[in-house]
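Undergrad: have a look; sequence and predicted model below, questions after that.
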Amino acid sequence: MPFGQIVGQERAIRFLQASLLKGTVSHAYLFTGPDGVGKRLTAFGLAKAVNCLERNGDFCDQCDSCRRIEQRTHPDLFLIEPEAEGAKLKIEQVRELQAAVGYRPYLARRAVCIIDQAERMTEAAANSMLKTLEEPPAAMLIVMVTASLERILPTIRSRCQVVRFSPLPKDDLERLIGEQLSIPADKVRLLAHLSGGSLGRARRIDLASLQDKRERIFGLLDSLSSAACVEVLFSQAKKLADEEDVDSLQQFLDLWLYWYYDLWKYQLTGDERGLINTDRMEEIIRQSQILSSHQIEENIRLIEETSAALQRNVNKQLALETMMLRLGGGQREKEIVKQGAIARPYLGLK
């Protein structure tokens, strides 16, 4: 896979290729950007390109050097990564690298060390790596990969050439999901939106759990549209808060938000192209005729504010109760006051 086949990172690729062609490749790079957008893939591509036997400024993926790097069997390729899910990068792993870099490369023009999830280095490992960066071996290229630049020591950042990677464009991500993941065609756009421009994140989304959340949302929409009593809404809010952690609730709110985005778009254009929930077109048409544009925009605002509130570690149940009351256009708030029901704080939502 030459550089041209790496999707959605044209800016980063142009910068790296220019350095290769000019002979100004740095001794150390720090690739930073969202998880799952091609940083690790590009790191291995750069390792191939500096050692490719056939191309200048790119790699062929066919020569002996490229094939060895692809198969992770090249004697001058070093990969440091967590040994298990969630594990730290240990000082022992860095010391193994330091022992190896004292020797000339066996086969390569430049030996390459790729440090994946570099933000997981322990303090001791990071300080040890800093010493290597302060006195870099002449024939060694170090590429660190991270999704959390702020967790990398400033002294390490200052000794690396930082290359920023962007979330993948929606069209590119939809195409990659359709090509690489076995999912129904009508779920591709939804998955692309939920993954935030990350193919890696899209791979990790549980479709069964996603569909369950969607069905629960449609059930809640029925409750809201049928003027269900306050007690029913409070019960549903409590059930959600008890069963879902904050990250799962954020995904739940994102799904709900996309529903109202679809209503808003369809109400404006009357066109189903570009909608996410196309498998629910009858309901989209019906709801867009019932709700005013003001109501839809207000519901979008309420869900966005609830999502922001959850990030501030507020009480989950109270946040959801407040949102559900207000999604009804304020009528249920009046019902609480009229009936003397228990007052609920509104958590700063406007």
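TA: Alright, I've got the coordinates. Numbers count the residues shown, from 1 in each chain.
Undergrad: for the stretch 1-150 of the chain, which segments count as strands?
TA: 28-32, 77-80, 111-115, 140-146 (DSSP state E, counting those that start in this stretch).
Undergrad: quick one: closest of these to E134.
TA: Nearest of the strands of the stretch 1-150 of the chain to E134, taken as Cβ to Cβ: strand 28-32 at 10.4 Å. Yep, even glycine has a C-beta here, placed from its N, CA and C like the rest.
Undergrad: angle of the closest one against strand 140-146?
TA: 20 degrees (axes from the mean of the first three to the mean of the last three Cα atoms, to 10 degrees).
Undergrad: kindly reformat the strands of the stretch 1-150 of the chain as a markdown table containing distance to S19, mean neighbour count and mean pLDDT.
TA: Converted to a markdown table, those look like this (distance: least, Cβ to Cβ, whole Å; neighbours: other Cβ atoms under 10 Å; pLDDT from 0 to 100):
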| stretch | distance to S19 | mean neighbour count | mean pLDDT |
| --- | --- | --- | --- |
| strand 28-32 | 9 | 24 | 96 |
| strand 77-80 | 19 | 20 | 94 |
| strand 111-115 | 14 | 25 | 95 |
| strand 140-146 | 11 | 24 | 95 |
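Undergrad: turn those into CSV, including distance to S198.
TA: Below are the strands of the stretch 1-150 of the chain laid out as CSV (distance: least, Cβ to Cβ, whole Å):
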stretch, distance to S198
strand 28-32, 14
strand 77-80, 21
strand 111-115, 19
strand 140-146, 14
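Undergrad: right, and S223 touches Q236 too?
TA: Yes - assessed by Cβ atoms under 8 Å, S223 is found in contact with Q236 at 6.7 Å.
Undergrad: between the strands of the stretch 1-150 of the chain, which one is closest to Q180.
TA: Here strand 140-146 is closest among the strands of the stretch 1-150 of the chain (Cβ to Cβ), at 20.3 Å.
Undergrad: residues contacting the closest one, please?
TA: With contacts defined as Cβ atoms under 8 Å, 6 or more residues apart in numbering, strand 140-146 is touched by 25-32, 39-40, 43, 46-47, 50, 101, 110-119, 132-133, 136, 152, 156, 160.
Undergrad: ok, then the element right after that strand?
TA: helix 154-157 (DSSP states H and E).
Undergrad: tell me which residues in that next one are buried?
TA: Residues I156 are the ones in helix 154-157 that count as buried (16 or more other Cβ atoms under 10 Å).
Undergrad: quick one, what contacts the residue lying closest to F252 once chain neighbours are set aside?
TA: If the residues on either side of it in the chain are set aside, F252 comes closest to K213, at 5.1 Å by Cβ to Cβ, 6 or more residues apart in numbering. Residues near K213 by Cβ under 8 Å, 6+ apart: S248, Q251, F252, L255.
Undergrad: which pair in these spans the largest distance?
TA: Counting by Cβ to Cβ, the most remote pair of the contacts of K213 is S248 and L255, 10.8 Å apart.
Undergrad: what comes into contact with the top helix by length along the chain?
TA: Longest helix of the chain, by residue count under DSSP state H: helix 246-269. With contact meaning Cβ under 8 Å, 6+ apart, helix 246-269 is reached by 190, 193-194, 209-210, 213-214, 216-217, 220-221, 240-241, 244, 271-272, 274-277, 284-285, 287-288, 291, 293, 296-297, 299-300, 303-304, 306-307, 310-311, 313, 316, 320.
Undergrad: out of the strands of the stretch 1-150 of the chain, nearest to R326?
TA: strand 28-32 (38.5 Å).
Undergrad: packing partners of that closest one?
TA: helix 39-49, strand 140-146, strand 161-164 (3 or more Cβ pairs under 8 Å, 6 or more residues apart in numbering; DSSP states H and E).
Undergrad: list the contacts of S65.
TA: Per Cβ under 8 Å, 6+ apart, neighbours of S65: K48, N51, C52, L53, H74, L107, A108.
Undergrad: per-residue confidence at it?
TA: With respect to pLDDT, S65 scores 96.
Undergrad: next one: the one 5 residues further on
TA: According to the per-residue confidence, E70 scores 95 in pLDDT.
Undergrad: now it: how far from Q295?
TA: 54 Å (Cβ to Cβ, to the nearest Å).
Undergrad: now E272
TA: 21 Å.
Undergrad: now swap in V246 and tell me
TA: 27 Å.
Undergrad: again, but for D271
TA: 21 Å.
Undergrad: higher neighbour count, these two?
TA: It is Q295, of D271 and Q295, that has more neighbours when counted by other Cβ atoms under 10 Å, with 16 against 9.
Undergrad: what about that one, which SS state?
TA: Following DSSP: H, G, I helix; E, B strand; the rest coil, the label given to Q295 is helix.
Undergrad: where does it land on pLDDT?
TA: Predicted confidence (pLDDT) for Q295: 90.
Undergrad: what about the protein, any weak spots by pLDDT?
TA: For the chain, the stretches with pLDDT under 70 are 1, 226-229, 328-350.
Undergrad: break it down into its structural domains.
TA: Per automatic domain parsing, the structural domains of the chain span 3-166, 206-339.
Undergrad: of those, which approaches G200 most closely?
TA: That would be domain 3-166 among those, by Cβ to Cβ, at 1.9 Å.
Undergrad: distance between the closest one and the chain's centre?
TA: 21 Å (Cα atoms, centre = their mean, to the nearest Å).
Undergrad: next: stretch 271-279.
TA: For stretch 271-279, the distance to the chain centre is 23 Å (Cα atoms, centre = their mean).
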